[in-house]
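Q: Show me the folded form of this:
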Amino acid sequence: MDKALLIKELNEANDTALLIETIISIAQTNDFDENVVKSLCELITHNDSGVRDVAVRALCDLKGDLARLAAQIIAPNIVSPNIELRNTAGDILAHLGESSAEFLLDFLENPDPDARKFACDLLGLINTRHLAHKIHPLLDDPDENVVQSAIETLGNYQDESIIEKLVKIYNTKEDQKPNVIEALGKIGSRKAIDFLIFALTDEKDDFLKTEIIDALSINCDDIEVARQLFSKIDEVSETIQIIILKTVAAISFRLGEEFVLPDYLRYLAYKALFDDDDDIRAAGLIALGNVFIKDDIPSIMNEIFKGNSDTQSFVLEKLLKYNSPEIIKEFFKAFYNEIINRAMIGCDIDFLSLLTYLWEDTPTSNKNVVIDVIFDNLIICKSIECSSVVELLFKLDSQKSIIKVKELYQNSDDNNREFIEELLSDAGIDISIIKI
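A: Numbers count the residues shown, from 1 in each chain. Purely as a prediction, here's the structure:
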């Protein structure tokens, strides 16, 4: 039997289960023809949701001339007063892609602004950049929602030819500023970036400044843009400074470029490291650079005790690889002070276990100081729960650990000697090593 006729008969007989099964079978075998496509287009208004769904899925998968036929039939539904049908038609047309484009163009001049906007939105989704000139007139549309849609679509097209027009809209239509900013960020050309950098200084509204910073980061693959953005940091409020810090750090990290705050702005990194936003805290860490100073440590500790193993590893790698023994001592003293103050003795192993992955690349002088300072602080903590840390240190460097424990044992009073013996025993280490 003719497939289209079969669909018609099943539909009229109201046998929805068999109708659904038939549509699925046709789709699976790609057994479409013009009449089947026309029948499927009719079924998108069926009263059974299951039938509608399988018909829509089948139509969305069409290719070539059959896709074009479906688009031609479906397109008029984008002006339907039925919102559900209008949205269904839009979904199908978006999936059919370029096959839909020519049937949407006429709606750009429809008397109904909603129709103009919807057609423009769909053209933006199917990314038919060669039709950008058809969208240009909508930048002057009397309806601001249509203008917004045109700005978004042409931004998606990365249409550089409209930059001057976008600048004009920015300067004359306050409500369109966020849309213009986003579009310029997507366009990402030198001319678009230059205007955004200028607007960052000229704009008074902090919300818009934030939008500008976000827009500059969209397509940024040039470290010079990050440098230009950072050059404006003294011209904005502290709130916006933090956002600039976050953005420049993210761009620099993505491009593999080092970014370090000048000393007079180092306080911004400290502020960032106490923010609730994970990305802002990460930016604060990046902005401190590879070499830490003593004043950095309290802020770094706040991040360490967030329990994020990625940032913990990031900090520890820089600490061990690039920093002096003096800074390493200060760091671990602060770490164990926090462990004690937070009543977290025994939890130190969660952080210190990261040493295993970093130990090989750590300079010998820093390895020695790490073992020294951790053992010194274990004696201060005086908790048997620290035995797992002792076990770790012996695995990292048994020879240095033996030397250090012997030294501690020989210089301790009876109470501390008893504790050291108990600590070693609990870690599975022969206590005779300290008595030889």
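Q: burial of residue 317, as a residue count?
A: 16 (other C-beta atoms under 10 Å). Where you see a C-beta, it was placed from the backbone N, CA and C, and this is true even at glycine.
Q: list the buried ones in stretch 158-176?
A: Across stretch 158-176, burial judged by 16 or more other C-beta atoms under 10 Å covers 158, 159, 162, 163, 165, 166, 167, 169, 170, 176.
Q: could you dump that stretch to PDB, C-alpha only?
A: Taking Å, rounded to 0.1, in the frame of the first residue of the first chain, the C-alpha atoms of stretch 158-176 are listed here in PDB:
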ATOM      1  CA  GLN A 158      30.100  37.800  13.200                       C
ATOM      2  CA  ASP A 159      29.100  40.400  10.600                       C
ATOM      3  CA  GLU A 160      31.800  43.100  10.800                       C
ATOM      4  CA  SER A 161      30.000  45.400   8.300                       C
ATOM      5  CA  ILE A 162      27.500  46.400  11.000                       C
ATOM      6  CA  ILE A 163      30.000  47.700  13.600                       C
ATOM      7  CA  GLU A 164      29.400  51.300  12.800                       C
ATOM      8  CA  LYS A 165      25.700  50.800  13.000                       C
ATOM      9  CA  LEU A 166      26.000  49.000  16.300                       C
ATOM     10  CA  VAL A 167      28.000  51.800  17.700                       C
ATOM     11  CA  LYS A 168      25.300  54.200  16.600                       C
ATOM     12  CA  ILE A 169      22.600  52.100  18.300                       C
ATOM     13  CA  TYR A 170      24.800  51.900  21.500                       C
ATOM     14  CA  ASN A 171      25.000  55.700  21.600                       C
ATOM     15  CA  THR A 172      21.300  56.300  21.000                       C
ATOM     16  CA  LYS A 173      19.400  53.400  22.600                       C
ATOM     17  CA  GLU A 174      20.200  52.800  26.200                       C
ATOM     18  CA  ASP A 175      18.100  49.600  26.400                       C
ATOM     19  CA  GLN A 176      20.000  48.000  23.500                       C
END
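Q: got the buried residues of stretch 158-176 as a markdown table, with distance to residue 376 and secondary structure columns?
A: Output for the buried residues of stretch 158-176, formatted as a markdown table (distance: C-beta to C-beta, whole Å; DSSP: H, G, I helix; E, B strand; the rest coil):
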| residue | distance to residue 376 | secondary structure |
| --- | --- | --- |
| 158 | 59 | coil |
| 159 | 64 | coil |
| 162 | 66 | helix |
| 163 | 62 | helix |
| 165 | 68 | helix |
| 166 | 63 | helix |
| 167 | 63 | helix |
| 169 | 65 | helix |
| 170 | 61 | helix |
| 176 | 63 | helix |
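Q: what's the closest of those to residue 192?
A: Of all these, residue 163 has the smallest distance to residue 192: 5.7 Å, by C-beta to C-beta.
Q: can you pull the contacts of the closest one?
A: Applying C-beta atoms under 8 Å, 6 or more residues apart in numbering, we find residue 163 in contact with 184, 187, 189, 191, 192, 195.
Q: measure it to residue 139 for me?
A: 12 Å (C-beta to C-beta, to the nearest Å).
Q: And the buried residues of stretch 158-176, which two are furthest apart?
A: The largest separation in these, counting by C-beta to C-beta, is between 158 and 176 at 18.6 Å.
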